[in-house]
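Student: got a structure for you, letters missing:
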């Protein structure tokens, strides 16, 4: 019978092991579910015959947790967890978060800031001769010199900063499998420099001749134009078919990213998702109330990887890649049946999705031979004429899952790329999405309405959203469904001026959209938008981009998107006066705020719609 992997020395000894091959250190609580990278990597290693222990959220103020398994035979594997530790700890305003979804009981403070670096340095001090391999989102997105929003400074590659021996970027199954076998075969970690999808560093005198070199750490730190140039090179080579090795000098060291690893094939994905996961958190967390992060994914199914959408503010292209691969229908149906047999299953599958729910295949046939086009996007600012929009296979899967006798409803909660959906001439998926797979409201991400801002986001123009919403409500009406459309919106993205924020506020008022939440742009490592934010330059044109970094102006932009909230009235009025839009202050139909008066805000509260987010 399957069990959790060992989490302490007692577990190890109960298995009859006197040592382990790998100690996997994670900044998250231990959740053995395929939505957690730690679970996938450790189960893949187990399936190859290796002995793996999981060291979850070790106490960095003592050596006791780190030495309990003894010296691992092959290596330490280190990750901060499912997300960057700094994002996990801090809001975009750099305030400490009050909860942590990836820790038992939602408690904060169980992992250090910059967890990968802290864990690596601790292990290297205790066992300097044991190989340390870092991976996961935090390591993957920081593999080159990068702008760090929390320090407001350029930091070196995390490989150099942490002192790790090797970095695995991306999802990692291919890389860890090959690496484990080669270490087991006696190869030394400092000789394993040829695995695709890994990054290593050597003395500059040992720099290989292959690949392309981007501006050095010293140059990108001293010159923002050099940073922008480096960003473009790094982004353009993340294709497994045409991508080249990338080199970046750090003083006397050269950081070398090998070409990307090919994405898992359908057969390989099926194998990964069929591994014997416990599909929940370790029972040691039960007394603390469990791990909140499991709630969203416990009864969800991941059917694809990769995203050819390539939004500039998203890290998926730099981590998973833009090439889309997917699991077989058989594999997905088998997992759905498995979910129905779980004790807490209530008849609802919460998602059949992925990075983008309605992608199943590469966007065009040419990608399969030539890779994705360098410097171009498949969907923005307009869809590529070579793009193939086809939802037929995805629809077949959804139909079969919802026909299972134990299933009451199948929802789609991952992002639906509505502009791609609109390109499919067959309306069947759109109609069945509305009729069967919306849980009262569908969340989509137009993000903004200004064409200038959307271009900097790498998103389609707003006309696509307007037509989508029209058809969404039309089909909802035909299905006798009273449903809502909830748009995700972003304020203060590079390129967004106060005038752009006002334009968006007017668009929202005209269309009677009242967003309950607005995301302020968060500059995280590894994205084109973060490079724009730091440098004030578009890496693909080298033209200047307006970027607000002033907290008060950011607050003004954010308030405009929720102009109808009474407490925002002073900020909205200030923003309108600053932009000389006095025509929008008063009681007219298109006014956003009444203006300074004893009745300030009351007019807005009386105008509140009952159906927030619904466009009529």
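Tutor: Arrived safely, thanks for sending. Note that the structure is predicted; figures quoted are calculated from it, not measured. Numbers count the residues shown, from 1 in each chain.
Student: In contact with the closest residue to residue 213 other than its chain neighbours, which residues?
Tutor: Spatially, and ignoring its direct neighbours in sequence, residue 213 is nearest to residue 247 (4.4 Å; C-beta to C-beta, 6 or more residues apart in numbering). The way it works is simple: take the backbone N, C-alpha and C, and place the C-beta from them, glycine included. Shown in contact with residue 247 (C-beta atoms under 8 Å, 6 or more residues apart in numbering): 207, 208, 211, 212, 213, 214, 254, 255, 256, 257.
Student: now for the residues you listed, which pair is the farthest apart?
Tutor: By the measure C-beta to C-beta, the contacts of residue 247 have their two most distant members at 208 and 214, which lie 14.8 Å apart.
Student: Neighbour count for those two, which is higher?
Tutor: The residue with more neighbours, out of residue 208 and residue 214, is residue 214; 24 against 13, by other C-beta atoms under 10 Å.
Student: Just the pLDDT at that one, thanks.
Tutor: pLDDT, residue 214: 98.
Student: ok, it touching residue 227?
Tutor: No. In this structure, residue 214 is not within contact of residue 227 by C-beta atoms under 8 Å, at 9.8 Å.
Student: all helices for the stretch 1-150 of the chain, in order.
Tutor: Applying DSSP state H, counting those that start in this stretch to the stretch 1-150 of the chain gives helices spanning 9-14, 37-47, 64-67, 85-89, 115-126, 136-141.
Student: Just the terminal-to-terminal distance for stretch 480-500.
Tutor: Stretch 480-500 has an end-to-end distance of 37 Å (criterion: C-alpha to C-alpha, to the nearest Å).
Student: my bad, stretch 286-299
Tutor: Taking C-alpha to C-alpha, stretch 286-299 runs 19 Å from one end to the other.
Student: show me what contacts residue 297?
Tutor: Listed by C-beta under 8 Å, 6+ apart, the contact partners of residue 297 are 33, 35, 350, 351.
Student: Who are the contact partners of the second one?
Tutor: Contact analysis of residue 35 by C-beta under 8 Å, 6+ apart lists 297, 300, 302.
Student: shaky segments in the stretch 51-200 of the chain?
Tutor: Along the stretch 51-200 of the chain, no part satisfies pLDDT under 70.
Student: can you map out the strands along it?
Tutor: Secondary structure of the stretch 51-200 of the chain (DSSP state E, counting those that start in this stretch): strands located at 52-56, 75-79, 132-134, 146-148, 153-155, 166-168, 198-203.
Student: related to what we said a few turns ago, just the helices of the stretch 1-150 of the chain: most buried one?
Tutor: Neighbour counts (mean count of other C-beta atoms under 10 Å) averaged over each of the helices of the stretch 1-150 of the chain peak at helix 136-141, with a mean of 26.
Student: So which of the contacts of residue 247 belong to strands?
Tutor: Among the contacts of residue 247, the residues falling in strands (DSSP state E) are 212, 213, 254, 255, 256, 257.
Student: Kindly reformat these as JSON lines containing neighbour count and distance to residue 569.
Tutor: Shown next, in JSON lines, are those (neighbours: other C-beta atoms under 10 Å; distance: C-beta to C-beta, whole Å):
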{"residue": "212", "neighbour count": "13", "distance to residue 569": "53"}
{"residue": "213", "neighbour count": "15", "distance to residue 569": "53"}
{"residue": "254", "neighbour count": "20", "distance to residue 569": "56"}
{"residue": "255", "neighbour count": "25", "distance to residue 569": "51"}
{"residue": "256", "neighbour count": "22", "distance to residue 569": "55"}
{"residue": "257", "neighbour count": "26", "distance to residue 569": "50"}
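Student: Take those residues and write them to CSV, including distance to residue 458.
Tutor: What follows is the ones in strands among the contacts of residue 247, written out as CSV (distance: C-beta to C-beta, whole Å):
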residue, distance to residue 458
212, 23
213, 26
254, 31
255, 26
256, 28
257, 22
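Student: of the residues you listed, closest to residue 507?
Tutor: Distances from residue 507 to those, taken as C-beta to C-beta, are shortest for residue 257 (41.0 Å).
Student: looking at it, the closest one is touching residue 140, isn't it?
Tutor: No. Contact criterion C-beta under 8 Å: residue 257 and residue 140 do not qualify, at 10.4 Å.
Student: who touches both of the two?
Tutor: In contact with both residue 257 and residue 140: residue 169, using C-beta under 8 Å, 6+ apart.
Student: quick one on the thing from earlier: quick one, which of the strands of the stretch 51-200 of the chain is nearest to residue 379?
Tutor: Closest approach to residue 379 among those (C-beta to C-beta): strand 146-148, 26.4 Å.
Student: The closest one pairs with which strands?
Tutor: strand 153-155 (antiparallel) (DSSP bridges).
Student: in the strand it pairs with, what's buried?
Tutor: Of the residues in strand 153-155, 154, 155 count as buried by neighbour count, 16 or more other C-beta atoms under 10 Å.
Student: Let me see the residues that make contact with it.
Tutor: 142, 145, 146, 147, 148, 161, 217, 220, 221, 227, 534.
Student: before we move on, back to that, give me the subset of the contacts of residue 297 lying in strands.
Tutor: Those of the contacts of residue 297 lying in strands (DSSP E): residue 351.
Student: In CSV, list the contacts of residue 297 along with pLDDT.
Tutor: Converted to CSV, these look like this (pLDDT from 0 to 100):
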residue, pLDDT
33, 97
35, 95
350, 95
351, 95
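Student: Any chance of a markdown table for the contacts of residue 297, columns distance to residue 73?
Tutor: Converted to a markdown table, the contacts of residue 297 look like this (distance: C-beta to C-beta, whole Å):
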| residue | distance to residue 73 |
| --- | --- |
| 33 | 27 |
| 35 | 29 |
| 350 | 40 |
| 351 | 39 |
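Student: From the contacts of residue 297, list just the buried residues.
Tutor: Judged by 16+ other C-beta under 10 Å, buried ones among the contacts of residue 297: 33, 35, 350, 351.
Student: what ranges do the helices span in the stretch 251-400 of the chain?
Tutor: Using DSSP H, counting those that start in this stretch, the helices of the stretch 251-400 of the chain run over residues 266-273, 316-319, 329-340, 367-370, 392-402.
Student: out of these, nearest to residue 481?
Tutor: Across the helices of the stretch 251-400 of the chain, residue 481 has its closest neighbour in helix 392-402 (15.6 Å, C-beta to C-beta).
Student: If you count neighbours, what's buried in that closest one?
Tutor: Neighbour-count burial for helix 392-402 [16+ other C-beta under 10 Å]: 394, 395, 397, 398, 400, 401, 402.
Student: Next up, the contacts around residue 492.
Tutor: Applying C-beta under 8 Å, 6+ apart, we find residue 492 in contact with 520, 521, 548, 553, 554, 557, 558.
Student: check contacts around the nearest residue to residue 530 once chain neighbours are set aside.
Tutor: Nearest residue to residue 530, sequence neighbours excluded (C-beta to C-beta, 6+ apart): residue 523, at 4.2 Å. For residue 523, the contacting residues are 147, 149, 529, 530, 533, 534, by C-beta under 8 Å, 6+ apart.
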